[in-house]
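[1] any chance you could fold what I've pasted below:
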Amino acid sequence: MNLFSAGSQKPQLFIVDCLVSILVFLGIAPTVFAADDYPGHPVRIIAPQAPGGGVDIVGRIIADQLRIATGQPFLIDNQAGAGGAIAAKMTARANPDGYTLMIGYVATHGTNPAVKKNIYDPIKDFTAIGMIGGTPNILVVSRFMPVNTLQEFVAYAKANPRKVDYGTSGVGTLNHLLMEEFKQVSGVPSMAVPYRSIGQAFTDSIGGQIQVIFPGLSAAMPHIRNGSFKALAITGDKRNALLPNVPTFKELGYEGFNSLTWYGIVGPPKLPNAIRDKLNHEIGKILAKPDVLKQLNEQAIYVMPMNPGQFEKYIVDEVKHWSEVARISKVEAE
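    Numbering: from 1, shown residues only. Sure thing, here's the model as predicted:
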């Protein structure tokens, strides 16, 4: 059989087409081809958290919308462990063809690199694609604590240094570093009690074994609503509509407490600009949809659309900020 007899196609072009087909089949197509019709098959989005957590919920909202926008499945692959480092390393080593992405969030691209040395580079080992949004963090105390305001809490903690412990989801996590930052500016002498998860810290706080937690708003809301926690202050520039009676730290004289539990989309390093920009454009359109806004607001998440350059700078600033907090508090995780 003469392979070159069909039509008038030149042998060289036929060979090129064959090679491209083979590369596409193997998932290593040259970026010039991958970018033109991306995505041409299902895309994996690694979620560095177990199903049901904030990362997983946000990831599934965005994945479903990307499926609608592109006509291709965007499949969540939960890879929990090591505070997100397992998922981050998988993503950093993935082929930069746009078919492996990740939900990067404050742990993987903020606190982890600040306290865990040489695990990965949050900038060089990834391509920043687009920010999704963030939820504020809130300082809450157990209902058994004899305080109702942040001022009363600070005074009580200073007067009773052995009676105030705060729970964290692990050394160097956001809720740990946030409380350490507050201790730096307030002089509160509380002791950290690390747990394997924030849920375990919640359980002990509800039971009165620990007194303070600094979680994300969405995680704390059910316990605030049922009276298990007293909400004292919230991060951000303005009060949150879900808890309009809870003041911001800024209102109470503590500047700079604007930190969020944030989420975004990242990819492997050297992701082609055409694919990066296409994804960023689609994410921007998704974040403007009323039904998506409603879903995210139900999780206490504000949308924060950014272009890739803005998102990369945000990550740089986050790592710098938490590195300084960790340095002052002498926090370093293994």
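[2] use CA for all of it now, contacts and neighbours both
    Fine.
[3] got the domain ranges for the chain?
    According to automatic domain parsing, the chain comprises the domains 38-134+262-329, 138-234.
[4] with mean neighbour count added, can I get these in JSON lines?
    Shown next, in JSON lines, are the domains of the chain (neighbours: other C-alpha atoms under 10 Å):
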{"stretch": "domain 38-134+262-329", "mean neighbour count": "20"}
{"stretch": "domain 138-234", "mean neighbour count": "19"}
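[5] columns distance to F249 on top of the ones you listed, output as TSV?
    Output for the domains of the chain, formatted as TSV (distance: least, C-alpha to C-alpha, whole Å):
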stretch	distance to F249
domain 38-134+262-329	17
domain 138-234	6
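[6] which of those domains sits closest to E255?
    Across the domains of the chain, E255 has its closest neighbour in domain 138-234 (9.3 Å, C-alpha to C-alpha).
[7] remind me which residues of the stretch 201-334 of the chain are low pLDDT?
    For the stretch 201-334 of the chain, applying pLDDT under 70 flags the ranges 334.
[8] for it, what spans make up the strands?
    Along the stretch 201-334 of the chain, counting by DSSP state E, counting those that start in this stretch, strands occupy 212-213, 229-234, 260-267, 302-303.
[9] how about these in a markdown table, adding distance to G84?
    Shown next, in a markdown table, are the strands of the stretch 201-334 of the chain (distance: least, C-alpha to C-alpha, whole Å):
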| stretch | distance to G84 |
| --- | --- |
| strand 212-213 | 21 |
| strand 229-234 | 25 |
| strand 260-267 | 13 |
| strand 302-303 | 22 |
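[10] what sits against S329?
    Neighbour list for S329: E180, E181, Q184 [criterion: C-alpha atoms under 8 Å, 6 or more residues apart in numbering].
[11] per-residue confidence for the last one?
    It refers to Q184. Q184 carries a pLDDT score of 94 in this model.
[12] quickly note the distance from I286 to Q295.
    Using C-alpha to C-alpha, to the nearest Å, we find I286 at a distance of 12 Å from Q295.
[13] do I have it right that E312 meets F126?
    No - with contact taken as C-alpha atoms under 8 Å, E312 and F126 are classed as non-touching, separated by 9.6 Å.
[14] among the domains of the chain, which is nearest A241?
    domain 38-134+262-329 (9.1 Å).
[15] now the closest residue to A231 other than its chain neighbours: how far from G236?
    What sits nearest to A231 in space, not counting adjacent residues and going by C-alpha to C-alpha, 6 or more residues apart in numbering, is V140, at 4.5 Å. Counting by C-alpha to C-alpha, the gap from V140 to G236 is 15 Å.
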